[in-house]
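S.K.: 3D, please:
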Amino acid sequence: MSMTEDQLEQLARRRVKQKMAFYIHATVFVLVNLGLAALNLLGGGRSWHLWPLAGWGLGLAIHGFVTFASLNGDGLRERMQRDEVERLRRKQGR
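M.R.: As a prediction, the model looks like this:
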């Protein structure tokens, strides 16, 4: 099943939007956590900045996995859909 030029443009826009959202999230993560580390180091005491770093880092990792797995999974999803259509056609005797 080939896509029209408009469909390709729409898919490309969606994929770029997903990537940009992740890159913005990663940039904010780095900047905020650098600021928290600086505050922690200037204030002395225990290394409390590691807790938000770890929690947010886990969230960022999940965001990255979901983003890039979904972008790479487009072909898989299409193949699965084609296989399911074929299975249903065989079941109906077409």
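
S.K.: Going by C-alpha atoms from here, please, whenever you check contacts or count neighbours.
M.R.: Will do.

S.K.: And the residue nearest the centre of the protein?
M.R.: Closest to where the C-alpha atoms of the chain average out (CA atoms, centre = their mean) is Thr67, at 1.6 Å.

S.K.: which ones are touching it?
M.R.: 18-19, 22 (CA atoms under 8 Å, 6 or more residues apart in numbering).

S.K.: from those, which is closest to Glu78?
M.R.: Distance to Glu78 across the contacts of Thr67 (CA to CA) is lowest for Gln18, with 18.9 Å.

S.K.: what's the longest helix in this protein?
M.R.: Assignment by DSSP state H gives helix 5-43 as the longest helix of the chain.

S.K.: Just the mean pLDDT for that one, thanks.
M.R.: The pLDDT scores in helix 5-43 average 95.

S.K.: Helix or strand next in line after that helix, which one?
M.R.: helix 50-72 (DSSP states H and E).

S.K.: send the alpha carbons of that next one over as PDB?
M.R.: The C-alpha trace of helix 50-72 is given here as PDB (Å, rounded to 0.1, in the frame of the first residue of the first chain):
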ATOM      1  CA  LEU A  50      20.300  12.900  42.800                       C
ATOM      2  CA  TRP A  51      16.700  12.000  43.700                       C
ATOM      3  CA  PRO A  52      15.000  14.300  41.100                       C
ATOM      4  CA  LEU A  53      17.800  13.400  38.600                       C
ATOM      5  CA  ALA A  54      17.000   9.600  39.000                       C
ATOM      6  CA  GLY A  55      13.200  10.000  38.900                       C
ATOM      7  CA  TRP A  56      13.100  12.400  36.000                       C
ATOM      8  CA  GLY A  57      15.800  10.400  34.300                       C
ATOM      9  CA  LEU A  58      13.600   7.300  34.400                       C
ATOM     10  CA  GLY A  59      10.700   9.300  32.900                       C
ATOM     11  CA  LEU A  60      13.000  10.700  30.200                       C
ATOM     12  CA  ALA A  61      14.200   7.200  29.400                       C
ATOM     13  CA  ILE A  62      10.700   5.900  29.100                       C
ATOM     14  CA  HIS A  63       9.700   8.900  26.900                       C
ATOM     15  CA  GLY A  64      12.700   8.200  24.600                       C
ATOM     16  CA  PHE A  65      11.900   4.500  24.400                       C
ATOM     17  CA  VAL A  66       8.300   5.100  23.600                       C
ATOM     18  CA  THR A  67       9.100   7.800  21.000                       C
ATOM     19  CA  PHE A  68      11.800   5.900  19.100                       C
ATOM     20  CA  ALA A  69      10.100   2.500  19.400                       C
ATOM     21  CA  SER A  70       6.900   3.900  17.900                       C
ATOM     22  CA  LEU A  71       8.900   5.600  15.100                       C
ATOM     23  CA  ASN A  72      10.700   2.400  14.300                       C
END
